[in-house]
Every structure is written in structure tokens, then in C-alpha cells.
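Q: Sequence first, then the predicted structure, then my questions.
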Amino acid sequence: MSVLVFIEADNGVIKKSSLEAVTYGSKLGEVTAVAMGSIDASELAGVGKYGATKVLHCSDERLNDGVISATAKLIAEAAGQAGTDVVIMSRSSLVDAVAARVAIKMGASVVANVQELPDTSNGFVVKRGVFTGKAYAFVEVPEGKKVLTVTKNVVQLEETGSDAPVEEITVAFDDADFGVKRVGVHKQEGDILLPEADLVVSAGRGMKGPENWQMIEDLASTLGAATACSKPVSDMDWRPHHEHVGQTGIKVAPQLYIAVGISGAIQHLAGVNSSKVIVAINKDPEAPFFKAADYGVVGDAFEVVPKLIEALKSNQN
Amino acid sequence: MKILVCISHVPDTTTKIKFADNKLDTNGVQFIIGPYDDFALARAVEIKEATGGTVTVLNVGEADTEPSIRKALAIGADNAVRVNAAPIDSLFVAQQIVEHAKSENYDMILMGRESSDYNSGLVHGLVGELMGWPSIAPAMKLEVDGTTAKLSREIEGGHEDVEVAMPFVAGCQEPIAEWKIPNMRGIMMARKKPLQVVEPVGVEGVTSYKSFELPEAKAECKMVDAGQMDELVGLLKNEARVL
Ligand SMILES: Cc1cc2nc3c(=O)[nH]c(=O)nc-3n(C[C@H](O)[C@H](O)[C@H](O)COP(=O)(O)OP(=O)(O)OC[C@H]3O[C@@H](n4cnc5c(N)ncnc54)[C@H](O)[C@@H]3O)c2cc1C
Ligand SMILES: Nc1ncnc2c1ncn2[C@@H]1O[C@H](COP(=O)(O)O)[C@@H](O)[C@H]1O
């Protein structure tokens, strides 16, 4: 099987989730990777270590902006050149917007939100998340070309190979591919990006007000974690909208999710139930979060969180 | 402005999901308009109220989805189309939307960023590519300025502002608009608004759902005394191995 994996970089560094997609692809067949925008040749060649035999790179700077239509055209073009049967992409805000367009351009079937390697013993069956993380479905994909978007942590990164050759790929873009013009970007720089984070500290209405978030940020920085919040917290503008997790917000799947002063409503849990380990801190012993958590602490966040920070610090020394 | 809004008909977000005969067990399940689709509908109605024009709602579903369609009409859509078929997958739904939209000259097609049942988040991109129009998702803001639209799209760690000429497709999410609740007059008027039922077109390349599985039940939560944070750190380090 010939596999194409689309890889993304953040500030010139290839995302871990993209490398996971390369490892995923290498379990299916021979992987060609495709990347775009300003990324160093050595960074690109390193993708070979995770199983790619070749890296196609479109250095066109217009692609730095993650333009949806143009990205789709690049991926479909690369798939054509590489004679691809299956395209694998790790989910991101760009991939989620692009995958469908790639599938139509290639005449492929498309499945989003894939959780595991496919079962190819009888046809091609993939497991995907449905009902907002409350269930999984096994989906039969018909014969022919396929596009899959996979979630984070579906495979363990494996460093097996060595650097791969990098080739420039040129695509005949037209104006329509850049019909959507980016006129501004508002992005928090320097912070650990929530969807990529391995550790997440999240807080809810139990914090009483935005002025009390210092404690949450201290806990996050002690751990090297990203911060998140519940929906009412972002609705009230205590925290920015892109920090809110749950059914209507970001879905996270970190190693550790610490929930402080969050009740654990089903819509909140929908965004966090793929976390490996959940810790709930809540003053109400009946809070629903304790049913979804692995470890629970009943207590006042204003007392528990500083003690937890202290314990973490003394543990680090 | 001529706007098409695509709505799905999904279990209420508080539903406890169960399966029977390899299908969703709909016993006692309350169905609603997809929460994201509801944001798209609300914004479409606001734009119509500001600029004039019409809002059409489209649903691919069997007759049991009509209460959701009537609700959309009560909220302010002018007419509705139901494609009479169980929605098989996103590609099937997208092809039905395109079949309807290709002869209608819409200025924009709005929908949710994803359906809250099958969560594919694909229909907007599929429709965009099939129509040859740009698609933008997830859209958190949408302003119309003549023949141009200004949108804000959520990206990792923030959002980007984009401009696009009409027509286009957008997959919407909050805070694009506030959900609207139908009032009595809306409900009365909705009964008389046209709801056209059309038959589906055949589609190749669709996927099929073989079976479902529920996540493994969590083991009992281990409680740690609020005064013993050293113990919690120890457990996270040595038992859970996440630190
Ligand atoms: C369609 C729909 C979609 C939704 N989507 C989302 C979503 O994506 N994400 C989301 O989060 N919500 C979502 N919600 C809202 C959700 O139902 C809950 O209302 C919300 O998650 C509650 O937020 P909270 O836990 O921060 O606040 P509350 O429910 O008010 O809980 C606060 C908690 O803090 C505890 N507490 C108070 N003081 C302290 C203290 N000093 N120390 C420790 N604990 C304390 C309380 O015991 C309580 O459990 C959605 C709702 C709907 C209807
Ligand atoms: N059966 C349907 N009928 C009409 N629109 C739908 C249907 N299913 C999904 N959609 C629309 O497409 C969006 C994305 O759906 P999906 O790709 O299934 O996650 C939803 O938010 C709806 O706006």
C-alpha cells in the first residue's frame, strides 16, 4: 500500500502528532510525507526516522498561512505524484478543514476521528469516535482510495529509520486557491498549545472569578502543563474562548487532566474523557466529576491547589 | 441574501448513549437540532433580518426529523427541504445538499462545525469542494459587508480573521450567535411555511457503520485526603506514571 502523510509544523518544528501519523502510516505501507511552508530541510529529513521514505516539500510561502483550499490542492497533488492509496493526517484545526476537500479531489472515501490502526483482515475497517466521545463505531471503508484523519496518541512514536531525502514539489495554484484572505491572527505565543499538551490543568466556575487564576497558572507552570477551562468560564470572559474544553470546545487527550472546581457535566466530560488519567478537585463530594476521575480530592481549591504546588515542588527537588 | 442552513437531528447532549441491535437505542432519547447547527441557523436568521432575503433549511432524514425542521422554521427560516433518507455518512449528506444547492444560487451555505452524533466535521468541506466554493470552519464570527464576508476561524491557541467573497460554505460554532428560542408567533407561522420533501440521489464511496462499542467503564475513583497532596503526587508518579 502506498501511503501519503501530511505533516504540519509549529514555528518550524514538526508536531509530535504529525510524527505519530507517520508511524501510523508506516504500519500500513510505504510512506511519503508532504509538508509546506517555511521548515528547515534538516527538520524535514528527520521525518525519515519515524518511517517516511521520502519527504515532499512545497516551500511556497503563501502556504505559511494554512490556507484551506491551497493546502487541499497540495495534498491531492502530492497523492497523485506518489501514487497514493491512503492519505493519513493527524487531526488539527487545519486538517479538520482540509481532509474533506482532499477526498473529493482524489475521488477517495474519507473517515474522520480515527482511533486505531485499521483492521485489514477482511476489507478495511476503522474504529472512530462518535457521540462526542461517548462511544466508538467500526466503519467499513469501501475499496479504492482513502483519506483518514487520526486523533492524537493512536500510536506510540517509533524511531526506526534514518533521514529521508527531501524533494521540492511545485503545484500550479490559481487565485481561487487563495480566495480566503487572512487579514489578522490572534494567537497566544509562547504557551503550550492545549490540543497538543500532555499535561492539562483546567478550572471551572468554582474558582469564583478571573482574579483567582494565578493559582491555576502556577500549578500549570510547575507541571509544565497547558491551561484549560469549562464553558461558563469562557462565556463570562474569565478566560479566552480557545481554552474551553468540552462538547462545544476543544477536545483534549492528555496523559494527565487535572480539573479544579469543575462539576463534571456530561458536555464537559465529552471533551476530556479520552485523557489517560483524570484528577478531580472539588469541594462537593457528590460532584459528578468524581465518577469520571481516577483520583479525587474533596476540598476547597483555594487550600488544596497551593498544597499540591508545594508537594510537586518538593518532589522535584 | 439567500442562505441555506443544513441541520442535523441528533440526540440531546445529555443523552446516555446505548446501543441495541447494533444501532443507537432511541428509546427515551430526546432529539434536537445539532447544537452547532443551531448556532448556524441563529446567525443566518440574524443576517436575513439585517439585510433581507431568505433562509432555507435542509435536513437529510426520514419523516421523524420533521419536528426539528418545524422548530427551525419557528426560529425564523422561511422554507425547508427534507431529503427523504437516513443519513448514511457525511459524503452521502453532502451530495444531497449539493444536489439541492447547485440550482439555487445561494450566497452562502451555513452548517455546524460537526454533527454531535457522528462528529465527522466533514460535510462543510465536502460541500465546498463539490460546489467549487471556499469552505471555512470552525467559524466563530460572521459579518456580511456587501458581497464580502468577514469571518473569524478558530485555530490552535487562538483565531484568525479571514475575508472571502460570496458564495462560500461555513461550519459554525459559538460565539457566532446566541441560540434562538422559538416564540408562540413563530410556532404558529411555522405550521404554514413550505416543507418540501425530495428523494435522495445515489452516492458512491460511502462508508458503512458495522458496529458500535462503549468505552470501558472507569475503575472506581481513588480518593486522596485534602491534606495529603504528597500522597497524590506519589500516586501520579509511581502508580499512574504520568509525571
Ligand atoms: C449544548 C451544551 C453544550 C455544552 N458544552 C459545554 C462544553 O463544551 N464544555 C463545558 O465545560 N460545558 C459545556 N456545557 C455546560 C455544562 O453543561 C456545564 O454547565 C458546565 O460544564 C459547568 O461548568 P463548571 O463545572 O465550571 O461550573 P458549575 O457547574 O457551576 O460547577 C462548579 C463546581 O465547582 C465546585 N466548587 C465551588 N467552589 C469550589 C471551591 N472553592 N473549591 C473546589 N470546588 C469548588 C462546585 O462544587 C461545582 O462542582 C454545555 C451545555 C450545553 C447545554
Ligand atoms: N442529516 C443531515 N442533514 C442536513 N445537514 C446535516 C446532516 N448531517 C450533518 N449535517 C450538517 O453538516 C454538519 C457537519 O456534519 P458532520 O460532517 O456529519 O459532522 C452538521 O453540523 C450539519 O450542519
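A: Perfect, I can see it now. Numbering: from 1, shown residues only, chains lettered A, B, ... in the order given. Ligands and ions are numbered 1, 2, ... in the order given.

Q: Pull up the residues of chain B that are close to ligand 1.
A: Residues of chain B lying close to ligand 1 by C-beta under 6 Å from any ligand atom are B:13, B:35. Glycine gets a C-beta too; all of them are placed from N, C-alpha and C.

Q: most residues in a single helix of chain B, which one?
A: For chain B, the longest helix by residue count, based on DSSP state H, is helix B:35-51.

Q: Straight-line length of stretch B:130-140, end to end?
A: 23 Å (C-alpha to C-alpha, to the nearest Å).

Q: what's next to the longest helix of chain B, contact-wise?
A: Applying C-beta atoms under 8 Å, 6 or more residues apart in numbering or on different chains, the set of residues contacting helix B:35-51 from outside is A:247-248, B:1, B:3, B:5-8, B:13, B:32-33, B:53-55, B:57, B:72, B:75-78, B:110-116, B:142, B:144, B:170-174, B:176-180.

Q: Identify those among the residues you listed that sit within helices.
A: Secondary structure defined by DSSP H assigns B:72, B:75 of those to helices.

Q: List buried residues within the contacts of helix B:35-51.
A: If you count burial by 16 or more other C-beta atoms under 10 Å in any protein chain shown, the buried members of the contacts of helix B:35-51 come out as A:247-248, B:1, B:3, B:5-8, B:13, B:32-33, B:55, B:57, B:72, B:75-78, B:110-116, B:142, B:144, B:170-174, B:176-177, B:180.

Q: before we move on, back to that, would the longest helix of chain B count as contacting ligand 2?
A: Yes. Helix B:35-51 lies in contact with ligand 2 when judged by C-beta under 6 Å from any ligand atom; the contacting residues are B:36-37.

Q: Please apply the same query to stretch A:72-91.
A: No. Using C-beta under 6 Å from any ligand atom, we find that stretch A:72-91 stays clear of ligand 2, coming within 13.0 Å at best.

Q: Same check on stretch B:173-181?
A: No. Stretch B:173-181 stays out of contact with ligand 2 when judged by C-beta under 6 Å from any ligand atom, the minimum separation being 9.3 Å.

Q: Show me what that stretch is in contact with.
A: Under the criterion C-beta under 8 Å, 6+ apart, residues A:241, A:248, B:36, B:38-43, B:45-46, B:75-76, B:112-113, B:138-142, B:154 lie in contact with stretch B:173-181.

Q: Can you name the residues that contact residue A:78?
A: Going by C-beta under 8 Å, 6+ apart, residue A:78 touches A:4, A:32, A:34, A:56, A:84, A:169.

Q: nope, residue B:171 is what I meant
A: So, once contact is read as C-beta under 8 Å, 6+ apart, residue B:171 ends up touching A:97, B:36, B:40, B:111-114, B:121, B:123-125, B:135-139.

Q: between those, which is nearest ligand 1?
A: The shortest separation between ligand 1 and any of the contacts of residue B:171 is 9.3 Å, and it belongs to residue B:36 (by C-beta to the nearest ligand atom).

Q: before we move on, the earlier item: PyMOL command to pick out the buried ones of the contacts of residue A:78?
A: Isolation of the buried members of the contacts of residue A:78 (16+ other C-beta under 10 Å) is achieved in PyMOL through the command below:
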select buried, chain A and resi 4+32+34+56+84+169
